[in-house]
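Visitor: here is a sequence with its predicted model. Questions after.
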Amino acid sequence: MKTKEMQIIRPPCDLSCEVVNIKLTLDQDLSELLPYINREVEKARFFPKGPFTKFVHQGHNVTIDHDNLAMTGFEDDTAAREFAAQMIDMLRDIEARKDSITPQIKPFEPPSMLAILRLLPGKNGCAECGYPACMAFATALCREETTPDACKPLALLPDGAARLERLREMTA
């Protein structure tokens, strides 16, 4: 597995932004390796219709799609390149051990926004979570933009602890 092309990307919408992203094009299609990556990487999200896999590793978003590897959130080019090298090593390791790994082919299914909304206290407009309404907060939970613990009024409900635990399970 080798890198055919490497692109260092800086978000074009904000020239003052110092975040660096990196995209690699590899010399092989990783589609068949995705279920193994899904099994080996904690909280990996496998989307077989793509196919692609997404996960967070050391605080960086990683997406693997066919022969592309995209990684986000680095402070500079050097950090991005070092992380990319670590990811290639990790992928080579998984590929070398795949005969001893049971692939996880179950696709990721994000929780329903309505199912999340049913567990929230329904105090529309309290904004203690940082969102203007429970529906906006539920949508953010579905998109993994926040965590269930951000809803402070939930803990005040008689069954709040159970609801919070259920939200954590749904969004894990």
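Guide: Looks like it arrived, so ask away.
Visitor: can you classify the residue nearest in space to the middle of the chain by secondary structure?
Guide: Central residue of the chain (Cα atoms, centre = their mean): residue 55, 4.1 Å from the mean position. Following DSSP: H, G, I helix; E, B strand; the rest coil, residue 55 is assigned to strand.
Visitor: what residues are up against the closest residue to it other than its chain neighbours?
Guide: Nearest non-adjacent residue to residue 55, counting by Cβ to Cβ, 6 or more residues apart in numbering: residue 44, 4.1 Å away. (Glycine included, C-beta is placed from N, CA and C.) Applying Cβ atoms under 8 Å, 6 or more residues apart in numbering to residue 44 gives the contacts 37-38, 53-55, 104.
Visitor: sorry, back to before: pLDDT wise, what is the residue nearest to the centre of the chain at?
Guide: pLDDT, residue 55: 92.
Visitor: what does residue 101 give?
Guide: 97.
Visitor: assess the claim that it and residue 94 are in contact.
Guide: Yes: using Cβ atoms under 8 Å as the test, residue 101 is close enough to residue 94 to be in contact (7.1 Å).
Visitor: now the common contact residues for the two.
Guide: Common contacts of residue 101 and residue 94 (Cβ under 8 Å, 6+ apart): 36, 40.
Visitor: how about residues contacting the helix or strand containing residue 37?
Guide: Assigned by DSSP states H and E, residue 37 belongs to helix 34-40. Among residues not part of helix 34-40, those counted as contacts by Cβ under 8 Å, 6+ apart are 30, 44-46, 48, 51-53, 55, 64, 91, 94-95, 98, 101-105.
Visitor: what of stretch 109-117?
Guide: Counting by Cβ under 8 Å, 6+ apart, 134-135, 138-139, 141-142, 167, 170-171 sit against stretch 109-117.
Visitor: can you check stretch 155-172 too?
Guide: Contact with stretch 155-172 is made by 43, 111, 115-116, 119-121, 141-142, 144, 147-149, 151, 154, as judged by Cβ under 8 Å, 6+ apart.
Visitor: buried residues in that stretch, which are they?
Guide: Buried positions in stretch 155-172, judged by neighbour count with 16 or more other Cβ atoms under 10 Å: 157, 160, 163-164, 166-167, 170.
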